[in-house]
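Next one to model:
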Amino acid sequence: MNKIRVLIFLTLIICACSSHKSATKAPKQGHKAANTSLTSNQRREFDQFFYEGMKEKMLGNPSKAISDFKDALTLDIRNDAAWYQLGETQYDEKHYPDAEQSLIQAVDNDGGNKFYHELLGEVYEKEQKFQEANIQYAELSKLFPDEPEYYMDQAAMYLYMNKPDDAIKMYDKAEKKFGSKDEVLEQEYNIFAAMNKTDKAEEIANKLINLHPADTKYYHMLASAYLQEKQVDKAIDVYLKILAINPDDDSAQIQLAQAYYNKGDHEKAMQYTKMAFANPRVSIDRKIVVLYEGYLVKENRTEAQTKEAYELLGILEKTNANDAKTHSIYGDFLAQEKKLPEAREEYKKSITLRSDIYATWNALLVVDIQLKDYKHLEEESDKAIEAFPNQPLLYFFNGVAKTEEKKYKEAIDIFKSGADINQGNDKLQEDFYTNLGDATYRLKQYAESDKWFNKAIALDSNNALALNNYAYYLSERNDNLDKAEAMSKKSLDIDSANPSYEDTYGWILFQRGKYESAAVWVKKALVKDGQSPDVNEHYGDILYRLGNATEAIEYWKKAKTYGSESPDIDKKIQSGKIE
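Numbering: from 1, shown residues only. The predicted structure follows:
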């Protein structure tokens with residue numbers, strides 16, 4: 001109930017106001033304003049407690065106010081104003097059972113004061129005693145038959161009690177007594193719509209339209225009733241009337257786009273969708289939902305749909321250019337289209353407008369990884385960590401960038417920091433440990449590297465990447481080759497098509513002197529990843545050990561061409577042999 005009650009008490013120059021309607025009124029005939037049986041001293045003492053309670057209530061000291069009102073009532077138990085003030089203070093403090101008892105006393109002592117009934121009704125509502133609340137509003141309708149709000153209150157209570165038919169009867173009663181008041185008709189419409197009595201809902205909506213032919217709100221109600229009946233063409237006609245009255249009515253534009261879409265008229269649907277996208281009154285969130293559901297999450301998007309998406313995104317950039325969400329969703333779409341540099345620029349625009357959206361930072365860094373732009377990845381992840389120091393994934397991105405930039409000591413520090421703050425994400429923790437194993441190996445901290453790989457595998461014994469990398473580093477050191485071979489074989493059992501894992505297994509076999517078997521596995525890797533410098537160098541080494549030095553040189557040269565950083569590659573090419 002949206003009721004306002006203002007209470008005014010005046011004693012000398014004290015004026016106290018509350019959030020409720022006034023409880024002060026001229027005493028009705030036959031009702032005593034004060035208990036005449038009190039002595040003058042008792043009356044003076046009562047007044048002192050009462051007005052002290054009013055002062056404490058005004059000053060925001062409800063506990064003291066409640067105590068003072070109770071002290072006043074020990075002197076005059078039948079004082080309705082004191083009971084009301086006590087009940088109102090208890091109500092404001094959400095002590096509803098106490099407030100109920102106090103207000104019952106106020107009503108019992110002055111049953112003609114509407115503010116007492118009103119507040120007691122509100123207390124009952126808070127306690128979800130809707131039948132009791134209805135009794136209070138019914139009493140108010142009897143006492144004040146010319147005030148429509150009490151009929152509305154009764155109707156509302158019937159709705160709370162799931163008695164819509166009784167609510168409608170009450171609205172009808174109010175309409176007959178007070179005429180076709182908008183509020184009454186609107187409530188009737190809502191009830192009929194909720195009860196699926198759409199013919200009645202249409203009747204009410206048309207009545208409201210006749211009363212207010214320029215108010216589009218009532219046309220929307222009529223269109224909604226038609227849609228509920230699945231009379232789409234009638235609804236479309238109403239929405240077109242709305243746009244004739246107000247061409248910028250955003251809801252009508254959106255509803256028309258949806259209605260035409262449901263009818264299969266894609267051209268008309270797009271016409272009104274574009275209109276809605278160009279309308280600044282349509283919230284950007286609604287536009288984004290259209291883009292995501294209609295285009296971004298659509299599998300096998302057609303060329304025509306992609307063109308439409310670009311059109312809508314272009315309109316969005318004109319209408320909502322200064323909203324970070326505009327550039328973020330544009331970035332998402334461009335990333336899907338594999339236009340990674342353009343996507344990165346949109347994400348950066350979004351972050352310039354709002355730097356506190358984690359998802360946008362994350363999307364930007366993923367694009368940097370896809371572009372293999374590790375310098376930019378390092379710069380942007382540094383900024384992201386400043387903005388979100390408690391997001392462990394950002395530390396992972398930053399550590400990857402530093403590793404690729406060969407800043408191994410810095411990478412180790414950042415990976416450790418990320419692992420320290422990571423909570424509950426075991427997969428990410430495995431990645432931290434695996435990358436720590438890689439970075440420490442690069443610094444030739446072999447014992448430390450082994451420790452991190454063992455920690456990763458302890459979290460998940462089927463972590464194929466950790467198994468492969470650990471095995472490869474052991475083979476590079478020619479150390480514990482039995483363990484290396486077992487781990488490498490397990491990684492292949494988990495991911496048999498991975499050329500890197502095939503190369504590792506072949507290289508371990510090479511280190512064990514099993515050159516023919518090694519050639520088989522590295523050849524498999526070469527077929528899948530023919531431009532890998534490591535795989536080409538390994539295959540050249542195997543060929544050399546198998547006595548084919550000439551062909552070995554050709555593969556070493558390929559390794560060099562594809563960017564090999566092996567310290568021995570030039571010597572092998574020049575000398576034609578492995579030193």
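
and stretch 247-266, which residues are buried?
Buried residues in stretch 247-266, counting neighbours by 16 or more other Cβ atoms under 10 Å, are found at 249-261. In short, each C-beta sits where N, CA and C put it, glycine included.

do stretch 415-422 as well
Those would be Phe415, Ser417, Gly418, Ala419, Asn422, for stretch 415-422 by 16+ other Cβ under 10 Å.

Out of the residues you listed, list just those in strands.
In this view, those have no member that belongs to strands under DSSP state E.

quick one: which of those sit in helices?
Per DSSP state H, helices hold the following members of the buried residues of stretch 415-422: Phe415, Ser417, Gly418, Ala419.

Distance-wise, check the closest residue to the third one other than its chain neighbours relative to Phe432.
The one in question is Gly418. Once flanking residues are discounted, Gly418 sits nearest to Tyr395: 2.8 Å by Cβ to Cβ, 6 or more residues apart in numbering. Distance, Tyr395 to Phe432, by Cβ to Cβ, to the nearest Å: 8 Å.

Name the residues contacting each of these two.
Common neighbours of Tyr395 and Phe432, counting by Cβ atoms under 8 Å, 6 or more residues apart in numbering, are Phe415, Gly418.

Which residues belonging to stretch 306-313 are considered buried?
Buried, per 16+ other Cβ under 10 Å, within stretch 306-313: Glu308, Ala309, Leu312, Leu313.

Show residues contacting it.
Against stretch 306-313 from outside (Cβ under 8 Å, 6+ apart): 270, 273-274, 277, 287, 290-291, 294-296, 301, 329-330, 333, 337.

What helices and strands are in contact with the lengthiest helix in the chain?
In terms of residue count, the longest helix belonging to the chain (DSSP H) is helix 40-58. With contacts taken as 3 or more Cβ pairs under 8 Å, 6 or more residues apart in numbering; DSSP states H and E, helix 40-58 sits against strand 9-11, strand 14-16, helix 62-75, helix 80-92.

I'd like the mean pLDDT over it, please.
Taken as a whole, helix 40-58 carries a mean pLDDT of 93.

Which residue, other than its chain neighbours, is closest to Lys372?
Per Cβ to Cβ, 6+ apart, closest to Lys372 is Glu404, 7.9 Å.

and if you look at Pro280?
Pro280's closest residue in space is Thr319 (Cβ to Cβ, 6+ apart), at 5.6 Å.

and what of Leu443?
Residue nearest to Leu443 in three dimensions, not counting chain neighbours: Tyr408, with 5.2 Å by Cβ to Cβ, 6+ apart.

residues near that neighbour, how many?
By other Cβ atoms under 10 Å, the residues close to Tyr408 number 17.

Wait, it touches Lys444, no?
No: Tyr408 is not in contact with Lys444 according to Cβ atoms under 8 Å; the separation is 10.0 Å.

helix, strand or coil for Asn322?
Using DSSP: H, G, I helix; E, B strand; the rest coil, the structure places Asn322 in coil.

Can you get me a residue count around it?
Considering only other Cβ under 10 Å, Asn322 is surrounded by 7 other residues.

try Glu380
Neighbours around Glu380, by other Cβ under 10 Å: 24.

Might you report the residue contacts of it?
Glu380 touches Trp361, Leu364, Leu365, Asp368, counting by Cβ under 8 Å, 6+ apart.

same thing but 7 Å
Leu364, Leu365, Asp368 (Cβ atoms under 7 Å, 6 or more residues apart in numbering).

Which secondary structure element is home to the first one?
When elements are assigned from DSSP states H and E, Leu364 belongs to helix 358-371.

Quick check: which helices or strands does that helix pack against?
helix 324-336, helix 340-353, helix 374-387 (3 or more Cβ pairs under 7 Å, 6 or more residues apart in numbering; DSSP states H and E).

Could you rerun that using 10 Å?
Secondary-structure packing of helix 358-371 (3 or more Cβ pairs under 10 Å, 6 or more residues apart in numbering; DSSP states H and E): helix 324-336, helix 340-353, helix 374-387, helix 392-404.

Can you report how many residues neighbour the residue nearest to Asp68 when sequence neighbours are not counted?
In space, and not counting its chain neighbours, Asp68 is closest to Gly53: 3.3 Å by Cβ to Cβ, 6+ apart. Neighbour count of Gly53, defined by other Cβ under 10 Å: 27.

any idea how far stretch 372-380 is from the chain center?
From the chain centre to the centre of stretch 372-380 is a distance of 29 Å (Cα atoms, centre = their mean, to the nearest Å).

ok, back up a step: could you dump the buried residues of stretch 306-313 to a markdown table with pLDDT?
Output for the buried residues of stretch 306-313, formatted as a markdown table (pLDDT from 0 to 100):
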| residue | pLDDT |
| --- | --- |
| Glu308 | 94 |
| Ala309 | 94 |
| Leu312 | 95 |
| Leu313 | 96 |
